[in-house]
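Colleague: sequence and predicted structure are below.
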Amino acid sequence: MNNVFYIGATALNAQQTAVDITANNIANMNTPAFKRGTVSFAELMTSGSSQATGASRTSWNDAAAGVSIDPAMHVYTAGALHQTGNALDLAVQGDGFIELASDANSNEATLWRGGVLHIGADGFLAAPNGQPLKAMISVPRDASGVTISPGGQVLATIPNQADPLEIGQIEIVMPTDTQALRSTGDGVYRIQDDGVMLTRAKPGEENTGTLAQGFSEASNVSLSDELVSLMLYQRAYAANARLVQVGDELMGIANGLKR
């Protein structure tokens, strides 16, 4: 009978985690380039005893023991693009990521979906978290503007110079397994599996997306879908809370039995 408490406890913990992830999705509905989180439920099994009677055998070696949850999953479908008018806003139109320069103490690839670029104190184009682009594009101090083509070519407008100066090329990166990405906030992801390979290409090639300057990517969160999921998780939570309550009532009856 004690198993009912363990099964109910694993279910309550799983449903609570699912509710937390759904709440986080709703909270980030207006976060540019945010990718909604999702969960994966799996049955837990435990080893028990077995009984055999004649030719028949009843096995409890694989008894059900509740549910587990994998909360480290994201849905990487692209969000809608909105024009902002800010020349340093950059979005990926389609699939792929922009690679950022990795930390000196880390060998993990750092990927960024796009957002607001800025020119760092060292003159390099960087993401909002301060990490420069992997391409290490240096903007001249006297540049009056920066233009990024859909194909990733970066041009700087220099005073008293007729033609823009090409200062770099931004590539699009495609990981072989997006579920191996770990979110670190600010729309930045790191690869947590050494076996994941990266394909680098110019935007628009190798089935990658293109770059859109002056645009911001909206989150891919659908409020209606999240509210439906929230109701399902809440109903499941209530059902499992009732399961634990019934187990407690049965335990009370068993303890109250008199010979």
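Modeller: Received, thanks. Numbering: from 1, shown residues only.
Colleague: which SSE is Thr208 in?
Modeller: Per DSSP states H and E: Thr208 is located in neither a helix nor a strand.
Colleague: and for it, the neighbour number?
Modeller: Other residues near Thr208 come to 22 when the count uses other C-beta atoms under 10 Å. Bear in mind the C-beta positions are built from the backbone N, C-alpha and C, glycine included.
Colleague: which pLDDT value goes with it?
Modeller: Per-residue confidence at Thr208 stands at 93 (pLDDT).
Colleague: tell me the buried residues in the helix or strand Asp20 falls within?
Modeller: Taking DSSP H and E as the definition, Asp20 sits inside helix 3-27. By neighbour count, with 16 or more other C-beta atoms under 10 Å as the criterion, the buried positions of helix 3-27 are 4, 7-8, 10-12, 14-15, 18-19, 21-22, 25.
Colleague: distance from the chain centre to the lengthiest strand in the chain, please.
Modeller: For the chain, the strand that runs over the most residues, judged by DSSP state E, is strand 63-74. Relative to the centre of its chain, strand 63-74 is centred 17 Å away, using C-alpha atoms, centre = their mean, to the nearest Å.
Colleague: now it against helix 3-27, angle please.
Modeller: Following axes from the mean of the first three to the mean of the last three C-alpha atoms, to 10 degrees, one obtains 10 degrees for the angle between strand 63-74 and helix 3-27.
Colleague: quick one on the thing from earlier: using CSV, lay out the buried residues of helix 3-27 together with distance to Asp194 and pLDDT.
Modeller: Below are the buried residues of helix 3-27 laid out as CSV (distance: C-beta to C-beta, whole Å; pLDDT from 0 to 100):
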residue, distance to Asp194, pLDDT
Val4, 41, 83
Ile7, 36, 88
Gly8, 38, 89
Thr10, 31, 90
Ala11, 34, 92
Leu12, 35, 93
Ala14, 29, 93
Gln15, 33, 95
Ala18, 29, 95
Val19, 33, 95
Ile21, 26, 95
Thr22, 31, 95
Asn25, 29, 96
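Colleague: pick out whichever of those residues sits closest to Val228.
Modeller: Nearest to Val228 out of the buried residues of helix 3-27 is Thr22 (C-beta to C-beta; 9.7 Å).
Colleague: rounded mean pLDDT for stretch 43-55, please.
Modeller: 58.
Colleague: pLDDT-wise, which helix or strand of the protein ranks last?
Modeller: None of the helices or strands of the chain scores lower by mean pLDDT, DSSP states H and E than strand 50-53, at a mean of 47.
Colleague: the helix or strand that contains Gln234 versus helix 3-27: what angle between them?
Modeller: Element membership for Gln234, per DSSP H and E: helix 223-256. Orientation check (the same axes, to 10 degrees): helix 223-256 against helix 3-27 gives 160 degrees.
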